[in-house]
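Pasting the sequence and the predicted coordinates here, then a few questions.
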Amino acid sequence: MSANDRRPTGGPQSQTYDSTFLKACRREPVPHTPVWFMRQAGRSLPEYLKVREGIPMLESCMRPELVTEITLQPVRRHGVDAAIFFSDIVVPLKAIGIDLDIKPGVGPVIAEPIRTRADLARLRDLTPEDVTYVTEAIGMLTRELGSTPLIGFAGAPFTLASYLVEGGPSRNHEHTKALMYGDPQLWADLLDRLAEITGAFLKVQIEAGASAVQLFDSWVGALAPADYTRSVRPASAKVFDAVASYGVPRIHFGVGTGELLGLMGEAGADVVGVDWRVPMDEAARRVGPGKALQGNLDPAVLFSTPDAVMAKTDEVLDAAAGLEGHIFNLGHGVLPATDPDALTRLTEYVHTRTAR
Ligand code: 1CP
């Protein structure tokens, strides 16, 4: 089933159905181009730093009231068209008992990396009881958000595998690729396990009220198309299939994925996220008809002058002008030192320039 198919009859998703963001995801006409920013909550906001003070990252993801407050902060401040649930891609792994931490200034660190068949047994199924704090937070959030959609998210199997196999952030993904090429069956089984867990985690978020989901395959741009098709796409497709029947838009994004855009769309996304390296019109050619696109201002542009930001934004909007569905976003997450006022101005600028 595609995201276009049906209007929900009740619950939070019926309140957000006519929002500009969801219309653009469904490639319907919109009053203006909707805007949200990956990593819109977080260190760029002083109000975030204040409420997070003294609370470790993973712990803050498990406190529903704090999650609600942090998720709402960028919506209040910037007037963006969608909220993204405050959490992290490793939260479901923590929830099934993997010993990991999110280290400040580093990112996720895994105590014992997963590299052998015996290690696979540590990746048990995720049940809704493992993440009751997610269900609770999304319930609180959707009540507060009303007609503003909440985007749920998860890490895609490849990107999760890269953290689990490397043991932490990695530039070259050596261990991950060694496993992928050296033991294709173990690799396939690992990705399949992760697809089950990720699919279950997205279901929890949709059942709780998320109106769209984004699958982040942040680091899959490290792969050549043939390897992606053979070794990754089946698992990503399994995740998209797991949530297809809900009819909520499914967004797929990765960094440096210019050569993979068509294949990532074929994995089952309704919306394909584009980083800043490929112009939106070229991205549309690569993805083909029938999908909306999201992107793609270089987040570093926001460190430039307001005039330069507007000029670069015009380039994005002009390149996206012929698309059936466009959601404006950055080409990757908001950089921590970004001036929040630049994001507010950018949101207003896109709304005004695209008003129709
Ligand atoms: O203490 C802190 O503040 C830690 C910083 C931080 C934050 C605010 C991390 C550690 N994660 C997050 C929240 C987060 N992570 C969000 C919600 C915020 C929002 O978007 O409004 C989201 C969507 C994520 C998803 C995430 N985590 C991704 C995919 C998105 C992307 O940026 O590509 C990835 C790759 C991660 C791993 C991760 N978690 C944290 C860091 C610093 C990293 C990246 C580490 C690395 O470079 O490998």
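Looks like it arrived, so ask away. Numbering: from 1, shown residues only.

Residue numbers of this structure in contact with the ligand?
Residues of the chain lying close to the ligand by C-beta under 6 Å from any ligand atom are 38-43, 57, 84, 86, 88-89, 102, 104, 107-108, 153, 169, 216, 218, 333. To be clear about C-beta, it is placed using only N, CA and C from the backbone, and glycine gets the same treatment.

and those residues, which are buried?
Applying a neighbour-count criterion of 16 or more other C-beta atoms under 10 Å, the buried members of those are 38-42, 57, 84, 86, 88-89, 102, 107-108, 153, 216, 218, 333.

What count of nearby residues applies to G10?
Neighbour count of G10, defined by other C-beta atoms under 10 Å: 7.

In the protein, where is pLDDT below threshold?
Within the chain, the stretches falling below the threshold (pLDDT under 70) are 1-5.

In it, what residue lies closest to the ligand?
G107 (2.7 Å; C-beta to the nearest ligand atom).

OK, contacts around the closest residue to that residue other than its chain neighbours?
Take G107 and drop its neighbours on the chain: the residue closest to it by C-beta to C-beta, 6 or more residues apart in numbering is P169, 4.5 Å away. P169 makes contact with V106, G107, P108, Y163 under the criterion C-beta atoms under 8 Å, 6 or more residues apart in numbering.

try Q214
Q214 is in contact with I84, I151, G152, F153, R250, I251, H252, F253, G273, counting by C-beta under 8 Å, 6+ apart.

Regarding the third one, what is its secondary structure?
In terms of secondary structure, G152 is strand; the call rests on DSSP: H, G, I helix; E, B strand; the rest coil.

So that it lines up with my notes, have the first residue be 383 from now on.
From this message on, residue numbering opens at 383, which makes the last subject G534.

before we move on, back to that, from the contacts of P551, which is closest to M662?
Checking these against M662 with C-beta to C-beta, the nearest one is G489 at 29.0 Å.

mind pulling up the phi and psi values for the closest one?
The main-chain torsion angles of G489 are listed as degrees, to the nearest 10 and equal phi 120, psi -160.

do L728 as well
Reported as degrees, to the nearest 10, the phi and psi values for L728 are phi -60, psi -40.

That one and V691 touch, don't they?
Yes - taking contacts as C-beta atoms under 8 Å, L728 lies within contact range of V691: 6.3 Å.

Look up the residues that both of those two are in contact with.
L684.

who has more neighbours, those two?
The neighbour comparison of L728 against V691 (other C-beta under 10 Å) goes to L728, with 24 against 19.

The residue nearest to G489 belongs to a helix?
No - secondary structure assignment (three-state DSSP) places P551 in coil, not in a helix.

what separates it from V491, distance-wise?
Plainly put, P551 is 8 Å away from V491 if you go by C-beta to C-beta, to the nearest Å.

just to revisit the earlier point, okay, the contacts of P551 in CSV with secondary structure next?
Shown next, in CSV, are these (three-state DSSP):
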residue, secondary structure
V488, coil
G489, strand
P490, strand
Y545, helix
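
Using JSON lines, lay out the residues you listed together with distance to F583.
What follows is the contacts of P551, written out as JSON lines (distance: C-beta to C-beta, whole Å):
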{"residue": "V488", "distance to F583": "23"}
{"residue": "G489", "distance to F583": "19"}
{"residue": "P490", "distance to F583": "15"}
{"residue": "Y545", "distance to F583": "15"}
